[in-house]
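Okay, predicted coordinates and the sequence, questions at the end:
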Amino acid sequence: FLHQSWRPERSVVLGFLEEAEPWRLRSPQFPSKVGGKPAWLSQRGLPSLPELECETCRLPMVFLLQVYAPVSGQDRTFHRTLFLFCCKTPEKGLRERGFILWIGQTSV
Ligand SMILES: [Zn+2]
């Protein structure tokens, strides 16, 4: 579970990890979390396997973390979560590791 504290005046989001009860990590809670499986906002419009493939090694990327980041004032993106996937090919250093950011959004 990724706890966030807003500092709107400086537009900085700080996050730190803490243990969470399993129910807090399920989709209806709009969790921000690291590891495990993605808690999708909706079962529709999910990324396909080829879309989560590493451009370099062509292997499927693994789920790294997700951050709930709603956009206020816009119905279409009322709920929005950023999902970050990364390549797990061990030969590569972190600097050249591939990442994919998937933006899931749903209206009310
Ligand atoms: Zn790769």
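Received the coordinates, thanks. Computed from a prediction, not measured in an experiment: that's the story for all the values here. Numbers count the residues shown, from 1 in each chain.

Could you measure from Pro47 over to Ser32?
19 Å (C-beta to C-beta, to the nearest Å). Where you see a C-beta, it was placed from the backbone N, CA and C, and this is true even at glycine.

quick one, which of the two is more surrounded?
The neighbour count for Pro47 versus Ser32, taken as other C-beta atoms under 10 Å, is higher for Ser32 (22 against 16).

Can you give me the distance of that one to Thr81?
Relative to Thr81, and taking C-beta to C-beta, Ser32 is found at 8 Å.

Give me the common contacts of the two.
Shared contacts of Ser32 and Thr81 (C-beta atoms under 8 Å, 6 or more residues apart in numbering): Gln66, Val67, Tyr68.

I figured the first one hits Arg80, correct?
No. In this structure, Gln66 is not within contact of Arg80 by C-beta atoms under 8 Å, at 10.7 Å.

which one of these two has more residues nearby?
Counted by other C-beta under 10 Å, Gln66 and Arg80 do not tie: Gln66 has more neighbours, with 27 against 18.

Which of the three states applies to the more buried one?
Following DSSP: H, G, I helix; E, B strand; the rest coil, the label given to Gln66 is strand.

And Trp23, by the same measure?
helix.

Just give me the neighbour total for it.
Neighbours of Trp23 under the rule other C-beta under 10 Å: 9.

Same question for Phe83.
When neighbours are counted by other C-beta under 10 Å, Phe83 registers 21.
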